[in-house]
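Asker: got a sequence here, can you model it:
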Amino acid sequence: MTVRGGSLAATAAIAAALLAGAPGASAAVHQRAAASGALTINAAPNPNTAGDPVVIFGDAPAGARVVLWHRVNPAPRFTPVSRTTASATGHYEFTRADGVVTTNRNWFIVVNGRRSRIVHEKVFALLTLNGPADTNVVTGAPTTFSGTVSPNHAGQRVLLQRQSSATAGDDWRTIDRGRIAPGGSYSIVHRFRVPGDANVRVLFPGDRRNIKSPSNVLSLQIEQRQNPKLTIVASANPIDEGQSVTLTGVVAGVTSPTPVTLLARTARSGFSPVAVTMTDAAGNYSFSQTPVLSSFYRTQALGLRSAVLFEGVKDVVTASVDQTTVQAGQTLTFTGSVSPDKTGHVIFLQRQNASGNDWHNVEMARVGAGSTFTLQRRVTVPGTKVFRILIPGGPENQRGVSAPITVTVTPNASPLT
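Answerer: A predicted model of the protein is given here:
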């Protein structure tokens, strides 16, 4: 088999037509590719999530037999996997179905003894993460995180990571480790020492079979152990920005109304008094607060000090898409806003996996002026796709997610270009 593509002149002509961007340039490119005998190959999506379908497409001489070859890491050799015939306009397309592409691999096509370039398909492993049933975790208590890794990487490490609260981005640091069991499961027990919010995930570091792969993210509220002589609890934790929370507690041992002071701080400030109230005769007290930012609260009474209570405030994300029914190969545009203002903060477009129990980042952008955003995603495989927008937590607020957005992708009668 001869290992060469089309002529240098033909390739240059095709590139020039693409750069020109003139009306009909795309069609002209493919017609010239077909006429010159140039071979092109593309794969989408790339990178892909284990088990999701992949489309391999490109140009070949009209009517020619096209053979798709692949090499699956760590296999040393390529083997043929599928065959088709290029259309009259010089297009071809292969679809690798659900559950086929689970690990890294390489593709090329062969036409009339000539070989295309090699496409390196990168594949995320599929990680699940489960945490405690109650997302309010007490400092020092053992907290178990468990899940699965697919495909199985038995014996390898996974890292429990916590999102850094020092930046308004997507920075993570490793706080614990575990090992994947023979069945593909893992379990990590961790103790949190400091109260506050904690966005945690598990990361598979990657190997020859799969690239570095994160799990879904869990949001926890870490609270101090209560002082039994002066308690403090929240009616809801976390809350969305704009919502109110009621803080209640008991001053033990009192038999008449007693003054209680509420103190608060955020990532921007230290503790300072924000309200004063009187208990009832049994020592019960109550405060209503509407924090814009995630806040720490504590109370003081009779020389006593309560535990520090962390109240998480989640960003509120609104989002919409320009089309809810599109043909394969078209590009979707997602727009929306974040409250409170998060201008400059990283934001992600996520897609739900086929099983419906996990989300994966597929595009990234920054929140623009006025706390608005725009993200785009080309869809290449027919079917029902569910997306959402996620803004990671930062030093001031917990992460926020939009409502799910369902898009129907219909088959395209023409091969992808």
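Asker: going by C-alpha atoms from here, please, whenever you check contacts or count neighbours.
Answerer: Will do.
Asker: where does pLDDT dip in the stretch 1-150 of the chain?
Answerer: Counting by pLDDT under 70, the stretch 1-150 of the chain shows low-confidence ranges at 1-37.
Asker: distance of the closest residue to residue 91 other than its chain neighbours from residue 86?
Answerer: Nearest non-adjacent residue to residue 91, counting by C-alpha to C-alpha, 6 or more residues apart in numbering: residue 59, 4.7 Å away. For residue 59, the distance to residue 86 equals 8 Å [C-alpha to C-alpha, to the nearest Å].
Asker: what sits in contact with each of those two?
Answerer: Counting by C-alpha atoms under 8 Å, 6 or more residues apart in numbering, the residues touching both residue 59 and residue 86 are residue 92.
Asker: of the two, who's got more company?
Answerer: More neighbours surround residue 59 than the other of residue 59 and residue 86, with 29 against 22 (other C-alpha atoms under 10 Å).
Asker: show me what residue 186 is bridged to.
Answerer: Per DSSP bridges, the residues bridged to residue 186 are residue 147.
Asker: ok, it to residue 51 distance?
Answerer: Note on residue 186: its distance to residue 51, by C-alpha to C-alpha, is 20 Å.
Asker: distance of residue 264 from residue 245?
Answerer: Residue 264 is 13 Å from residue 245, where distance means C-alpha to C-alpha.
Asker: compare these two and say which is more crowded by neighbours.
Answerer: Ranked by neighbour count (other C-alpha under 10 Å), residue 264 and residue 245 place residue 264 first, with 20 against 17.
Asker: what's the helix or strand for the more buried one?
Answerer: Element membership for residue 264, per DSSP states H and E: strand 259-265.
Asker: give the rounded mean pLDDT of that strand.
Answerer: Averaged across strand 259-265, the pLDDT comes to 97.
Asker: buried sites along it?
Answerer: Across strand 259-265, burial judged by 16 or more other C-alpha atoms under 10 Å covers 260-265.
Asker: just give me the closest of those to residue 73.
Answerer: Ranked by distance to residue 73 (C-alpha to C-alpha), these are led by residue 265 at 51.9 Å.
Asker: go ahead and confirm the closest one touches residue 297.
Answerer: Yes. Under the criterion of C-alpha atoms under 8 Å, residue 265 makes contact with residue 297 at 6.7 Å.
Asker: returning to what we had before: what's the farthest-apart pair in the buried residues of strand 259-265?
Answerer: With C-alpha to C-alpha as the measure, no two of the buried residues of strand 259-265 lie farther apart than 260 and 265, at 16.9 Å.
Asker: tell me the pLDDT of the residue lying closest to residue 141 once chain neighbours are set aside.
Answerer: Nearest residue to residue 141, sequence neighbours excluded (C-alpha to C-alpha, 6+ apart): residue 191, at 5.7 Å. Here, the pLDDT recorded for residue 191 equals 95.
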